[in-house]
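In: Can you look at this prediction? I've put the sequence above it.
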Amino acid sequence: HQYVVGQAFLNVGTFVVRRRLGVVLPAPFDILLPGIASPVEPDIVFFRSGNQPQPGDKSFEGIPDLVIEVLSPKTRHIDLGAKLAAYQEAGIPEYWAIDPQLRTMVIYGLDRASRKYIEWAQGGVGDRVISKALPGFELVVEDLFPAR
């Protein structure tokens, strides 16, 4: 789990920093979503410039631009159930679910008309995925996982 979080953070963070797009933070960092009573803590969160926490903030109240969850046997049902629903309801534009066991990932994007997540991209070993929240970002899915 932590290896995959680290690889995702490295890939997304490098892209964001080089292009000065905003800030990428790993957990632990609480997000207080509108209309949601308890804070959520994604594994990784991206905030576009102008929509970012201030240095030293321990939490963020609002809607981040992208959240990433790395699934584990303990949290899988939460990440693909309650958290996915909370992210959708709050209006987070893009949500990645990365599955280390299956060595796959799915990118969900918020459809503006229906305000529901649709599967924008999915991939496994040998595939590349593209993010709409990070225009120009392309990820080789197998780069997220340790070599076998």
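Out: Sure, I can see it. Predicted model only: the values in this text are computed from it and were never measured.
In: Spatially central residue (nearest the centroid) of this protein, please.
Out: Centroid-nearest residue in the chain, with CA atoms, centre = their mean: I68, separated by 2.0 Å.
In: okay but that residue is in contact with D43, surely?
Out: Yes: counting by CB atoms under 8 Å, D43 is a contact partner of I68 at 5.6 Å. Using the backbone N, CA and C atoms, a C-beta is placed for each residue, glycine as well.
In: Okay, buried residues for stretch 100-109 please.
Out: Judged by neighbour count using 16 or more other CB atoms under 10 Å, the buried positions of stretch 100-109 are 100, 103-109.
In: okay if I get the residues you listed as a markdown table plus secondary structure?
Out: Listed next are the buried residues of stretch 100-109 as a markdown table, based on DSSP: H, G, I helix; E, B strand; the rest coil:
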| residue | secondary structure |
| --- | --- |
| P100 | coil |
| R103 | coil |
| T104 | strand |
| M105 | strand |
| V106 | strand |
| I107 | strand |
| Y108 | strand |
| G109 | strand |
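In: Output those in CSV, with pLDDT and distance to P55 appended to each entry.
Out: CSV is the format used below for these (pLDDT from 0 to 100; distance: CB to CB, whole Å):
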residue, pLDDT, distance to P55
P100, 96, 31
R103, 96, 36
T104, 97, 35
M105, 97, 30
V106, 97, 32
I107, 97, 29
Y108, 97, 30
G109, 97, 30
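In: quick check, nearest of those to R148?
Out: R148 has its nearest neighbour among the buried residues of stretch 100-109 in R103, at 8.8 Å by CB to CB.
In: Next, the contact list for the closest one, please.
Out: The contact partners of R103, by CB atoms under 8 Å, 6 or more residues apart in numbering, come to 124-125, 141-142, 145.
In: T75 too?
Out: Neighbour list for T75: E69 [criterion: CB under 8 Å, 6+ apart].
In: which neighbours do I68 and D43 share?
Out: A8.
In: And the closest residue to G62 other than its chain neighbours, which helix or strand is it part of?
Out: Sequence neighbours aside, N51 is the residue nearest to G62 in space, at 6.9 Å (criterion: CB to CB, 6 or more residues apart in numbering). Applying DSSP states H and E as the criterion places N51 outside every helix and strand.
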